[in-house]
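Participant: 3D, please:
(one chain, ligands or ions: 1)
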Amino acid sequence: MVFTVLVTISVLIGGAVELIPMFLVDENVPRISTVTPFTPLELTGRDIYIREGCVGCHSQMVRPFRHELERYGTYGRAGETIYERPFLWGSKRTGPDLSRVGGKYPDLWHVRHFENPRSTSPRSLMPPYAWLLTSEMDLDNLDTKLARLKSIGTPYSDAEIANAQASARQQAEAMATGIEASGGPSGLADKEVIAVIAFLQRLGQDVRAAGLTAEAQP
Ligand code: HEC
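Facilitator: Now for the predicted structure:
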């Protein structure tokens, strides 16, 4: 009996000593100064990405192997995903890794790809997501979403929270205008596809801005 109590106490103390610093010490994850929180529109797209289960076929984590570095770019760092809740590293690659896909294709390529993946990528196994081009984005709770993320540590300012919907609409409007100008469909400014594309175009940009390369081993 005494033995059980002693073992329990030791395990509890040992556990606390291991776990408490992990949650409290901020420097546990090396920060990357160019990594900033998602814009409200990108956040909306990220939630659609989660809803549609894209993570079931796409990882967002480049491993530090030569063939991966040559295909995707520099390897994934923990500091890249500090504002991702939940993170979307994934564990399955039916399709390619997406953590460096931002800027790889123009917005219009993504519109066509979602409408019919085989129009841009012959023999693609990716299912079409044509409804993203017609279903409207739900921006109703965007400010609450940002506020909740702030309460668990994502540094959104009060102004960013108050302007979340307006900022999302503005970014979407600019993207939709660009898509139309490059010969794509019109009227996408309030459609879900724009938010998903905004999210995809962001992936890898912060790391690129930091100039991190595979050689820059931590
Ligand atoms: C059943 C598996 C599957 C699902 C689910 C899936 N994809 Fe894909 N995806 C693929 C495959 C395979 C490719 C490679 C061929 C192609 O370009 O279509 C691909 C390619 C892509 C590319 C181009 C990547 C590159 O570097 O060329 C993007 C972007 C993409 N998918 C985004 C998404 C998003 C966003 C979703 C969810 C809405 C999604 N995919 C769902 C299988 C999938």
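
Participant: ok, the residue most central in space within the chain - contacts?
Facilitator: For the chain, the residue nearest the mean C-alpha position is residue 46 (5.7 Å; CA atoms, centre = their mean). Residues near residue 46 by CB atoms under 8 Å, 6 or more residues apart in numbering: 38, 84, 88, 199. (C-beta placed from N, C-alpha, C; glycine too.)

Participant: ok, so of those residues, who is nearest residue 113?
Facilitator: For the contacts of residue 46, the residue nearest residue 113 by CB to CB is residue 199; the value is 14.2 Å.

Participant: secondary structure element for that closest one, which one?
Facilitator: helix 192-202 (DSSP states H and E).

Participant: what about residue 53, how many neighbours?
Facilitator: 9 (other CB atoms under 10 Å).

Participant: same question but for residue 187, I mixed them up
Facilitator: Residues near residue 187, counting by other CB under 10 Å, number 10.

Participant: what pLDDT does it get?
Facilitator: Listed pLDDT for residue 187 reads 96.

Participant: can you tell me the closest non-neighbouring residue to it?
Facilitator: Using CB to CB, 6 or more residues apart in numbering and skipping residues adjacent in sequence, the residue nearest residue 187 is residue 176, 7.6 Å away.

Participant: ok, and what's touching the one helix or strand that neighbour maps to?
Facilitator: Residue 176 is located in helix 164-181, with elements delineated by DSSP H and E. With contacts defined as CB under 8 Å, 6+ apart, helix 164-181 is touched by 39-41, 44, 107-108, 111, 137, 139, 142-143, 145-146, 160, 185-190, 194-195, 197-198.

Participant: now that helix: average pLDDT?
Facilitator: pLDDT averaged over helix 164-181 gives 98.
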